[in-house]
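Undergrad: for reference, the sequence and a predicted model appear below.
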Amino acid sequence: MTGIHGLSSASASSVALAALGAVVISIVLSSTMGFLGGKKWKAQGKHVFVTGGSQGLGLAVAELLASKGANVTICSRTESKLREAVGRVKAAAKSDQQTIEYVAADVSTFEGAKKAIASCSSVPDTVFCCAGGAKPGFFIDQTESDFEHGMRTDYWTSLGTAHAAANAMARNKVVDGKIVLVSSTVGLIGLIGYSQYGPMKHAIRGLAESLRSELILYGISVHAYFPGTIFSPGLEEENKTKPKITVEIEGTEDGSTPAQCAKGLIKGIERGHFFITTDFGTELFRVAALGAAPANRGLVDRATALIAWIAIPVWRTFIADRMIKKHRKEHAQSLAQQPK
Ligand SMILES: NC(=O)C1=CN([C@@H]2O[C@H](COP(=O)(O)OP(=O)(O)OC[C@H]3O[C@@H](n4cnc5c(N)ncnc54)[C@H](OP(=O)(O)O)[C@@H]3O)[C@@H](O)[C@H]2O)C=CC1
Ligand SMILES: CCCCCCCCCCCCCCCC(=O)[C@@H](N)CO
């Protein structure tokens, strides 16, 4: 007797059994965090260091964790902004016993990042690398200096901070250390206007995977966050130079407040998720691009990947690429007006 694909029913049932086995293993592996690791991460009593902590996502993360009882050090380059921001973090704190401070530093060099970590009143056990920002534009318009700036602002800030933090944590035997890297939706996909920025956010994903593996040595856990549009001061700034076509594809209405993003990010961390998203579109891109990274919920991730398998090519072909093709004429006209 033969089954549907000409398989004997015996081998069809062994295929089914193997599939079932894979599902069970997948569920077990993805739930080990809950069953074996046991402990849910708590902000209470931690010392959290946040780069990009003077505004936008970083400030919202600092405020939220202070409200949950963490000691917080915010870091960015501009002291005047830090002074105001640290007041907001203090106001959000659960009690006046918490240490809330700021460190003014440029973390885009190893020297700056090392100094920033060393200036904290104690070794931080939890580090959020939120510093970053895009300078969108058309690939052919951008200069070598724009790309170099992107590497510094969007990759090196995280690399330097993670390097300084891992050193401090490992050498001071910090228990349950944590490093959180911030990528973007465009760290999972490519999108017109973001060639100076997206590839750096892809690099952040690679850094997260490398560090997740190696920092097991020291019991330091690593997470990467992939936010969609955040209504932040940085977004207002980048929108001044963002190509119209990029704005159209992103949609001006679609996005979240820094506070909404911080809330979703912390929820993901508490659940022990490795790659964290806070909007459905990016969640589809995450499961489609998961590769060998750990899933969040084994079975659900795989089911979501089935949706992504259909939805992503449809979105790309009939929405994104089509909009770009429609934009060709307008773009050619503006190109013709530029000097060669
Ligand atoms: N806004 C968005 O739509 C999205 C943002 N993201 C990412 O989320 C993160 C936060 O974004 P957002 O909330 O918009 O942030 P903002 O652009 O509003 O703020 C950036 C923060 O980083 C600080 N910063 C920048 N460069 C350095 C540096 N070299 N050293 C120290 N601090 C620095 C800034 O302060 P100062 O200039 O004073 O140093 C500021 O505090 C970024 O990594 C961004 O790429 C991801 C997806 C979408
Ligand atoms: C099948 C799936 C459909 C989903 C559609 C979603 C469309 C995604 C558009 C990309 C949004 C880019 C946000 C991040 C931008 C960013 O990082 C900068 N703003 C940095 O400041």
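TA: Cool, the structure landed. Ligands and ions are numbered 1, 2, ... in the order given.
Undergrad: how about the contacts made by whatever residue of the stretch 101-250 of the chain ends up closest to ligand 2?
TA: Closest residue of the stretch 101-250 of the chain to ligand 2, CB to the nearest ligand atom: residue 184 (3.3 Å). Just so you know, the C-beta spots here come from the backbone N, C-alpha and C atoms, and that holds for glycine as well. Shown in contact with residue 184 (CB atoms under 8 Å, 6 or more residues apart in numbering): 197-198, 201, 226-228.
Undergrad: so who does the residue nearest to residue 68 when sequence neighbours are not counted touch?
TA: Once flanking residues are discounted, residue 68 sits nearest to residue 43: 3.8 Å by CB to CB, 6 or more residues apart in numbering. Contacts here follow CB under 8 Å, 6+ apart; on that basis residue 43 touches 65, 68-70, 126, 266.
Undergrad: out of these, which sit inside strands?
TA: Counting by DSSP state E, the contacts of residue 43 place residue 126 in strands.
Undergrad: hey, where'd the helices end up in the stretch 51-200 of the chain?
TA: Ranges of helices in the stretch 51-200 of the chain, per DSSP state H, counting those that start in this stretch, are 56-67, 79-92, 110-118, 144-150, 157-171, 198-214.
Undergrad: JSON lines for those helices, including mean pLDDT and distance to residue 340?
TA: Supplementary listing: these in JSON lines, determined by pLDDT from 0 to 100; distance: least, CB to CB, whole Å:
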{"stretch": "helix 56-67", "mean pLDDT": "98", "distance to residue 340": "38"}
{"stretch": "helix 79-92", "mean pLDDT": "98", "distance to residue 340": "41"}
{"stretch": "helix 110-118", "mean pLDDT": "98", "distance to residue 340": "40"}
{"stretch": "helix 144-150", "mean pLDDT": "98", "distance to residue 340": "18"}
{"stretch": "helix 157-171", "mean pLDDT": "98", "distance to residue 340": "36"}
{"stretch": "helix 198-214", "mean pLDDT": "98", "distance to residue 340": "27"}
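Undergrad: those helices: which one's closest to residue 301?
TA: Among those, helix 198-214 comes nearest to residue 301, with 16.1 Å by CB to CB.
Undergrad: next, the angle from the following helix or strand past the closest one to helix 157-171.
TA: On the C-terminal side of helix 198-214, the nearest following helix or strand under DSSP states H and E is strand 221-225. Counting by axes from the mean of the first three to the mean of the last three CA atoms, to 10 degrees, strand 221-225 lies at 160 degrees to helix 157-171.
Undergrad: chain center to strand 221-225: distance?
TA: Remark: strand 221-225 is offset 8 Å from the chain centroid, using CA atoms, centre = their mean, to the nearest Å.
Undergrad: tell me what it is packed against?
TA: On a contact count with 3 or more CB pairs under 8 Å, 6 or more residues apart in numbering; DSSP states H and E, strand 221-225 meets strand 178-182, helix 198-214, helix 258-270, strand 275-276.
Undergrad: ligand 1 is nearest to which of these?
TA: strand 178-182 (4.4 Å).
Undergrad: what residues does the closest one touch?
TA: 41, 52, 57, 125-130, 132, 158, 162, 165-166, 204, 207-208, 211, 215, 220-225, 227, 265, 269.
Undergrad: check stretch 302-312 too.
TA: Applying CB under 8 Å, 6+ apart, the contact partners of stretch 302-312 are 26, 283-285, 287-288, 290, 295.
Undergrad: name the residues that touch stretch 326-340?
TA: Identification of contacts with stretch 326-340 by CB under 8 Å, 6+ apart yields 138, 244-245, 248.
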